[in-house]
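Trainee: attaching a predicted model along with its sequence, questions to come.
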Amino acid sequence: MVREQYTTTPEGTRVERPENQSVYKIGIYGWRKRCLYLFVLLLLIVLLVNFALTIWILKVMWFSPTGMGHLYVTEDGLRLEGESEFLFPLYAKEIHSRVDSSLLLQSTQNVTVNARNPEGEVTGRLKVGPEGALFEHSVETPLIEPDPIQDLRLESPTRSLSMDAPKGIHIQAAAGKIEALSQMDIVLHSSDGTLVLDAETVCLPRLAQGTQGPASSLQGLYEICACPDGKLYLSVAGVGTTCHENSHICL
């Protein structure tokens, strides 16, 4: 067994410690301590400033648990209410307005809508500017109408203008006229039906006019004649047809 020995010192007896014993202080003192406190103070100030700026940004940008400003995140996608401004291109699969309001796209210059294929190539483009709407490819729509105070104009400056419909095309001008201008030909073709011009007055002012024949008895009346190539001309009306008398116009 190990026996522990204890040394007892009577009261009043002075115990002297060895002279060579050293005492070390643990910690930071002096200028190092002051620098550390200053660094902690500066770090605390930076954290408070960052926290205040974060709160200010959240308030200015209208951040909320459901979105940002007029933009809300829903299960079906993004919902935008009110007027918003986009500084860069907007890519979306579908854009539609509310049921009780219309969709308005407004720009200080032009509004351009592009359709691309999976390879990224532009397959269709709609450009709306001060001169009107420009379609680079075909357009499919049930109705085309202008503003009430403006005229509707369909124009193809360098190519042809084609309108196709399986059940017919209806063109109506309720309070004005319909004018068709072409640099070359205007062809009205019906593959399975007739071409009907139903009006109170049909005017063809630039048709060639034949001379009055001896068999004419109806003064001031003319009949419309057609050449084998489709060319029309006027012939003075008579008791019978007088087209053969002026058929030299077709030559």
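Mentor: Nice, thanks for sending it over.

Trainee: the closest residue to residue 132 other than its chain neighbours and residue 112, how far apart?
Mentor: Nearest residue to residue 132 in three dimensions, chain neighbours excluded: residue 153, at 7.1 Å (Cβ to Cβ, 6 or more residues apart in numbering). Every C-beta, even on glycine, is put in place using the N, C-alpha and C of the backbone. Distance, residue 153 to residue 112, using Cβ to Cβ, to the nearest Å: 20 Å.

Trainee: same question, residue 120
Mentor: As judged by Cβ to Cβ, residue 120 and residue 112 stand 16 Å apart.

Trainee: and for residue 167?
Mentor: 33 Å.

Trainee: the two: who's more crowded?
Mentor: Neighbours were counted for residue 167 and for residue 112 using other Cβ atoms under 10 Å; residue 112 has more, 13 against 5.

Trainee: and the more buried one, what element?
Mentor: Assigned by DSSP states H and E, residue 112 belongs to strand 111-116.

Trainee: now the strands for the stretch 51-200 of the chain?
Mentor: 63-64, 67-68, 71-74, 77-80, 111-116, 122-129, 132-135 (DSSP state E, counting those that start in this stretch).

Trainee: determine how far stretch 30-50 lies from the middle of the whole chain.
Mentor: Here stretch 30-50 is found 53 Å from its chain centre; the criterion is Cα atoms, centre = their mean, to the nearest Å.

Trainee: then stretch 94-111?
Mentor: 8 Å.

Trainee: same question for that stretch, mean pLDDT?
Mentor: Average pLDDT, stretch 94-111: 80.

Trainee: and the residue nearest to residue 132, how many neighbours?
Mentor: By other Cβ under 10 Å, neighbour count at residue 153 equals 8.
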